[in-house]
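Student: sequence first, then the predicted structure:
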Amino acid sequence: MKWSLTELRKNYRNDPMNFDETLDLKADLMARYGDEVLDLSAVTAKGLVSVVEGGDVVVVAKVKADLTVPSSRSLTPVHLPVDFEMTEYYVSDPAATQRFEKTDVVMVVTDDQIDFDKAVGDNIILQIPMHILSDAESQGAAMPEGKDWQVVSEADLDKVEAENQSVDPRLAKLKDFFPDQDDK
């Protein structure tokens, strides 16, 4: 969905525009964020567009979708339902951003077009947590490992580092080369 800022200001100055749309954002999000998005269902967006004081436009929307993302531990696909509200302000002049709080999301519209699909897609990406585990991983499944590597938890990291502190016998005599230095 794209809206003209000028048309919104002209037609919805007194009454807000309501919308209830189903968006197909899968191809766009997979193209832009292919490493973070493995699959995306149809996205439902319901809300309103209103013109506020000064001719600024505010979009308030409730967004729902089903997202598939890679596990942060093993990269296995994890189903992640997203259900959130978003509020964004759109202005035509960069100086107008000074009227808003620092916590408000304010976008400067450069070509009179508000690309709502892109805004929803960006907000979906913001909903992905940094630490995502599959159900099996959440239940305590073994950490992934391979030849000469393994994933360890932070709790086990000190133990693994201590095990790997053994000195190569060929270099053991170098320890006595500078006897006045502390072991580091």
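Tutor: Looks like it arrived, so ask away.
Student: which stretches of this protein form strands?
Tutor: Under the criterion DSSP state E, strands of the chain are mapped to 2-4, 17-23, 39-40, 43-51, 57-70, 77-91, 106-108, 113-115, 145-146, 149-150.
Student: residue nearest the middle of this structure, spatially speaking?
Tutor: Centroid-nearest residue in the chain: residue 126, 3.1 Å away (criterion: C-alpha atoms, centre = their mean).
Student: closest one to residue 159 among the strands of the chain?
Tutor: strand 149-150 (12.3 Å; C-beta to C-beta). For glycine as for every other residue, the C-beta is placed from the backbone atoms N, C-alpha and C.
Student: okay, now the sheet partners of that closest one, with direction.
Tutor: The pairing partners recorded for strand 149-150 under DSSP bridges are strand 145-146 (antiparallel).
Student: which outside residues touch the partner strand?
Tutor: residue 151 (C-beta atoms under 8 Å, 6 or more residues apart in numbering).
Student: mean confidence score for it?
Tutor: Here strand 145-146 scores 73 as its mean pLDDT.
Student: isn't residue 52 right up against residue 60?
Tutor: No. Look at residue 52 against residue 60 with C-beta atoms under 8 Å: they stay out of range, at 11.0 Å.
Student: rewinding a little: will you turn the strands of the chain into a markdown table that also has distance to residue 158 and mean neighbour count?
Tutor: Shown next, in a markdown table, are those (distance: least, C-beta to C-beta, whole Å; neighbours: other C-beta atoms under 10 Å):
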| stretch | distance to residue 158 | mean neighbour count |
| --- | --- | --- |
| strand 2-4 | 54 | 14 |
| strand 17-23 | 48 | 14 |
| strand 39-40 | 38 | 18 |
| strand 43-51 | 44 | 19 |
| strand 57-70 | 28 | 18 |
| strand 77-91 | 29 | 16 |
| strand 106-108 | 46 | 16 |
| strand 113-115 | 49 | 16 |
| strand 145-146 | 18 | 8 |
| strand 149-150 | 15 | 10 |
